[in-house]
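> Show me how the following folds:
(one chain, ligands or ions: 2)
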Amino acid sequence: MKRGSGATASVWMGKADVPSRPALAKDITADVCVVGAGIAGLTTAYLLADEGSSVVVLDDGAIAGGETSRTTAHLVNALDDRYFEIESMHGEKAARLAAGSHSAAIDRIEAIVAREKIECEFDRLDGYLFVPPGESTDVLDKELEAAHRAGLTEVERVSRAPLESFDTGSCLRFPRQAQFHPLKYLDALAQAIEKKGGRIFNQTHAETFKDGAPGQVTTNKGGPVVSAGAIVVATNTPVNDWVAIHTKQAAYRTYVIAMKVPKGSVTKALYWDTTDPYHYVRLQDVGDHEVLIVGGEDHKTGQADDADERFDRLEAWTRERFPVAEEVEFHWSGQIMEPIDSLAFIGRNPGDKNIYVVTGDSGNGLTHGTIAGILLTDLIQGRGNEWETLYDPSRISLKAAPEFAKENLNVAAQYGDYATAGDVDRVREIAAGTGALIRHGLKKVAVYRDSHGELHKCSAICPHLGCIVDWNSAEKTWDCPCHGSRFDPYGKVLNGPANTGLGPAE
Ligand SMILES: Cc1cc2nc3c(=O)[nH]c(=O)nc-3n(C[C@H](O)[C@H](O)[C@H](O)COP(=O)(O)OP(=O)(O)OC[C@H]3O[C@@H](n4cnc5c(N)ncnc54)[C@H](O)[C@@H]3O)c2cc1C
Ligand code: FES
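Ligands and ions are numbered 1, 2, ... in the order given. Take a look at the predicted model:
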């Protein structure tokens, strides 16, 4: 089975890992085939199964083994792309619909938790948005007004967040946000899908996707085929699309630490600042104490390999503001897909009739994944949904042209890696458990030395659109700097858009 999407472990993993299901062994048919068992895929499968559809879920890793196991699980309508930005890009009505959709997603998670009696520590709580010390609070004024216009009329300006050790200064309070334990939620959701007759298969890699009535998903190198009336590609970033969506979003790596704090020593709430990249903070009970989860330090995937410094900066930021924090108990990183126009892409795959995608999650992927479940269920059942146009994957936002140009120029610049030297000149410079690029004539080779000293060589060319991958020392993966494809040390694909591994070294 594909290992998780990196070598580090989040606070959720370990004790709450979800049991694996068997691999798909024979051809099957279903009303809907969902590829990807993260929050987006499982919510879609659950809601469809609840309406009586026969559903098959395929995942080539573990249930919730993708980015959902690396989240920090703030469930919010306080979006990380500001409401005033969404309003200026898409208009006031769209901002109102976006706010309503995220509020509805939190409500839907709460309703599912109650209905299925899921013990996942779901809790409603306030969220606080503040500016870094010494910076103007104009951004808060603008966001407050835009949030009110978007229908979030209970958002208010307060003099400071409820933190004793650290005066945030004047900030915005977003009421009725929530948090939960993501793996406990998805474990129960998977069981509920099966109780409703749904079938879930692990170790089943979806290889090709054919539109039609029925459509077909082929799996595992010529293995079993799933025929289904509708196909949902919920693989975090679409593995069925070569260009259309990948030029409209960019992959970012974000970093998280969880530091031990005594129970009750920090007021339980969600916190964010407005730095770029911003910090995001919450608490999690881990038994006899809590951990303060702090994230940030994002950079474009594959364009930096200095995780230790980023973890150190997060720790210093936390210690300065929360002197009660003791040792770091967990540290991990994960991947976020940032759409250029601030809204996820959820709906019919451009050019297809019965294939649907969900991507562009940004830092709000748990609510976006839940919105996908609601929206895609309506579309597949032939019902209208007021969010359809807002999240349409085919949309072109002319006002996002500068961001489009910026991200795609950045991608174009990555092809310059063909001309640069390797990371090292000789394989003997590669330490056990690490990887490096080596130049062989005109080609670059991705070389990994395992813990026994054995060398494993792959082509360094990403099978998506041919950029050169880079070594990620924290997660022990090869990461593509262009659109975020990732591969394990031996070249096996972990994240799309590539859907095959790195080729053999020539
Ligand atoms: C550090 C971090 C903090 C975050 N914090 C928050 C937060 O506070 N609030 C929030 O709302 N969001 C947050 N997010 C975002 C959110 O966690 C993600 O957007 C969300 O979990 C993604 O869910 P998903 O179902 O789209 O993808 P995933 O969980 O990645 O699931 C996709 C699945 O598809 C499978 N797959 C891929 N390709 C194939 C294939 N070819 N065949 C079969 N299976 C395949 C994978 O194995 C995987 O299991 C955070 C993300 C990170 C990394
Ligand atoms: S992810 Fe597009 S070229 Fe690698």
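> now the helices for the stretch 51-200 of the chain?
Applying DSSP state H, counting those that start in this stretch to the stretch 51-200 of the chain gives helices spanning 83-90, 92-115, 138-149, 182-195.
> Mind telling me what element Ala251 is part of?
strand 249-261 (DSSP states H and E).
> cool, Gly295 as well?
Gly295 belongs to strand 290-300, assigned by DSSP H and E.
> helices or strands next to that strand in the packing?
Other helices and strands packing on strand 290-300, by 3 or more Cβ pairs under 8 Å, 6 or more residues apart in numbering; DSSP states H and E, are strand 249-261, strand 280-285, helix 307-321, strand 328-339. Where C-beta positions appear, they are placed from N, C-alpha and C, glycine not excepted.
> neighbours around the residue in the stretch 401-506 of the chain that ligand 1 sits nearest to, how many?
Ligand 1 sits closest to Asn499 of the stretch 401-506 of the chain, with a gap of 5.3 Å, by Cβ to the nearest ligand atom. For Asn499, the count of nearby residues is 20 (other Cβ atoms under 10 Å).
> Tell me how far it lies from Gln179.
Distance, Asn499 to Gln179, using Cβ to Cβ, to the nearest Å: 33 Å.
> for Tyr83, same thing?
21 Å.
> How about Ala234?
From Ala234 over to Gln179 (counting by Cβ to Cβ), the distance is 22 Å.
> quick one: which of these two has more around it?
The residue with more neighbours, out of Ala234 and Gln179, is Ala234; 29 against 25, by other Cβ under 10 Å.
> Quick check, that one in contact with Gly38.
Yes: if you go by Cβ atoms under 8 Å, Ala234 and Gly38 touch, sitting 6.5 Å apart.
> returning to what we had before: give me the phi and psi angles of the residue of the stretch 401-506 of the chain closest to ligand 1.
phi -120, psi 10 (degrees, to the nearest 10).
> So for it, what's the pLDDT?
Asn499 carries a pLDDT score of 94 in this model.
> For the closest residue to ligand 1 within the chain, list the residues it contacts.
The minimum distance from the chain to ligand 1, using Cβ to the nearest ligand atom, falls at Gly365 (1.7 Å). Going by Cβ atoms under 8 Å, 6 or more residues apart in numbering, Gly365 touches Ile39, Ala40, Glu67, Thr68, Thr71, Asn236, Ile336, Met337, Ala344.
> follow-up on the earlier one: for the helix or strand just after the strand holding Ala251, give me every contacting residue.
For strand 249-261, the following helix or strand on the C-terminal side (DSSP H and E) is strand 270-273. Applying Cβ under 8 Å, 6+ apart, the set of residues contacting strand 270-273 from outside is 74, 76, 78, 80, 125-132, 161, 163, 168, 177, 179, 278-282.
> Show me those that map onto strands.
In this view, the contacts of strand 270-273 that belong to strands under DSSP state E are His74, Leu125, Asp126, Gly127, Tyr128, Leu129, Phe130, Gln177, Gln179, Tyr280, Val281, Arg282.
> which of the residues you listed come close to ligand 1?
Restricting the ones in strands among the contacts of strand 270-273 to those adjacent to ligand 1 (criterion: Cβ under 6 Å from any ligand atom) gives His74.
> CSV for the ones in strands among the contacts of strand 270-273, including pLDDT and distance to Ala99?
Output for the ones in strands among the contacts of strand 270-273, formatted as CSV (pLDDT from 0 to 100; distance: Cβ to Cβ, whole Å):
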residue, pLDDT, distance to Ala99
His74, 97, 16
Leu125, 98, 18
Asp126, 98, 17
Gly127, 98, 13
Tyr128, 98, 18
Leu129, 98, 14
Phe130, 97, 20
Gln177, 98, 13
Gln179, 98, 19
Tyr280, 97, 19
Val281, 97, 22
Arg282, 97, 21
